[in-house]
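**Student:** Here is my input; please provide its structure:
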Amino acid sequence: MSEQLKNPVTNKDHTRGPETAPLELVEYGDYQCPSCGEAYLVLKGVQQQLGNQVKFIFRNFPLAEHPDAFGAAMAAEAAGLQHKFWEMYDLLYNNQLYLGSNDILGYAEQIGLDMQRFERDIRSEALASKIQADFGGGESSGVTGTPNFYINGEKYDGDWEGEGLLLHLKRLL
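**Tutor:** You can find the predicted model right below:
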């Protein structure tokens, strides 16, 4: 039996797609993880092809071996407070090799964030706690690395590269 997602999706999660979509795809990811960068492109294709049939949820799982991952997660969460989470998410993955603090400030300016607020929020204990809660929820659900996926609450251990994830999701429809 596969592992279950222990912490259900709530309105505190960052989601793309309709609430009523028949497929719910949760990713635990790390902005500095090369495999997550590959998965980002796969997920873009999945969302384009399946459209309103999938609700995508991203949860932070910054790995200790990636020194810029936690800061990038903080940047995405801080952008989310200004309703620009997905814009920052896209910039972070599209510029995965450039996640230093000056890079992140440039991305915040690029998407039109209130910079004073962003610079304050990126150091927020509440956002750090949210990221730690995502990480802890992932660990309790069996996540040990990234990327890690759950489809309708069940851990997906199959091939996600290439067409693997898309074909699996299509079979579930």
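**Student:** how close does the residue nearest the centre of the chain sit to residue 104?
**Tutor:** Centroid-nearest residue in the chain: residue 58, 3.0 Å away (criterion: CA atoms, centre = their mean). Per CB to CB, to the nearest Å, residue 58 is found 17 Å from residue 104. Yep, even glycine has a C-beta here, placed from its N, CA and C like the rest.
**Student:** Residue 119 now?
**Tutor:** 10 Å.
**Student:** neighbour-wise, which of these two wins?
**Tutor:** Just comparing residue 119 and residue 104: by other CB atoms under 10 Å the higher neighbour count belongs to residue 104, 26 against 13.
**Student:** Isn't that one up against residue 72?
**Tutor:** Yes. Counting by CB atoms under 8 Å, residue 104 touches residue 72, with 6.8 Å between them.
**Student:** hey, what's in contact with both of those two?
**Tutor:** Common neighbours of residue 104 and residue 72, counting by CB atoms under 8 Å, 6 or more residues apart in numbering, are residue 92.
**Student:** For the nearest residue to residue 156 once chain neighbours are set aside, grab the count of nearby residues.
**Tutor:** Excluding its sequence neighbours, the residue lying closest to residue 156 (CB to CB, 6 or more residues apart in numbering) is residue 149, at 4.3 Å. By other CB under 10 Å, 22 other residues sit near residue 149.
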